[in-house]
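J.: Sequence and predicted structure are below.
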Amino acid sequence: MDNEIFEALFEIVTFFNQPQQDRHLLQQADVPLESAALPIVVRVGRQPGISIGELADQIGRNHSSISRQVDKLMTAGWLAEAERRDQRVRQVTLTSQGQRGLIQIKLAREAALREKLASYSNTDRAELARVLQQLADTLTGNKEDYHE
């Protein structure tokens with residue numbers, strides 16, 4: 001069964017890592033960004049003040065490519081530098097334009113997921129959400145006691 005779990009997770013990760021999925025999502029959200037910028041905007045939205053190095057580690061790209069994308073997003077008005085406590089570390093946050101764009105992206109993502117899960121009952125959706133959150137907590141070390 002563990003292999004089946006891994007295979008299912010692999011397929012899910014593959015689905016979400018496809019650039020064409022990001023392009024489609026951005027098109028549906030009517031957001032004028034390159035697909036390479038999407039994970040940056042989403043991460044900064046979830047972790048305001050994140051450093052370029054942390055972004056690179058979490059997204060799995062090198063520091064210089066993330067830095068170039070961040071510069072483009074700053075020029076486009078989506079990101080701003082957070083107040084520097086350490087001059088060696090560059091941290092970024094979403095601007096109000098970036099926050100509005102992220103809301104559009106979230107709404108488009110929710111609509112797409114609702115469409116994909118249309119055949120699921122409310123009970124199945126609730127159970128899926130519970131099990132996925134349990135898995136996320138386990139994998140990230142935020143494990144709670146899940147003895148239900």
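T.: Great, that's in hand. Everything numeric here is computed off the predicted structure, so don't read it as measured data.

J.: Give me the mean pLDDT for the helix or strand encompassing Gln134.
T.: In the assignment (DSSP states H and E), Gln134 maps to helix 122-140. On average, the pLDDT along helix 122-140 is 93.

J.: And that helix, what's buried?
T.: Within helix 122-140, no residue counts as buried by 16 or more other Cβ atoms under 10 Å. All C-beta spots, glycine's among them, are computed from the backbone N, C-alpha and C.

J.: Tell me how far that helix lies from the chain's centre.
T.: Chain-centre distance of helix 122-140: 17 Å, with Cα atoms, centre = their mean, to the nearest Å.

J.: can you check stretch 94-111 too?
T.: With Cα atoms, centre = their mean, you get 11 Å for stretch 94-111.

J.: So Val31: helix, strand or coil?
T.: For Val31, the secondary structure call by DSSP: H, G, I helix; E, B strand; the rest coil comes out as coil.

J.: so what does the top helix by length along the chain touch, helix or strand wise?
T.: Counting residues, the longest helix found in the chain (DSSP state H) is helix 96-116. Judged by 3 or more Cβ pairs under 8 Å, 6 or more residues apart in numbering; DSSP states H and E, helix 96-116 is in contact with helix 19-29, helix 38-46.

J.: So which of these is the most surrounded?
T.: Sort those by mean neighbour count, taking mean count of other Cβ atoms under 10 Å, and helix 38-46 sits at the top with a mean of 19.

J.: Quick one: mean pLDDT over the helix or strand following it.
T.: Going down the chain from helix 38-46, the next helix or strand is strand 50-51, by DSSP H and E. For strand 50-51, mean pLDDT rounds to 96.

J.: next one: stretch 58-74
T.: For stretch 58-74, the mean pLDDT works out to 95.

J.: Now do the buried residues in it.
T.: 59, 66, 69-70, 72-73.

J.: mind checking how far Thr75 is from Ile59?
T.: 19 Å (Cβ to Cβ, to the nearest Å).

J.: got it, and Leu73?
T.: Distance, Leu73 to Ile59, using Cβ to Cβ: 13 Å.
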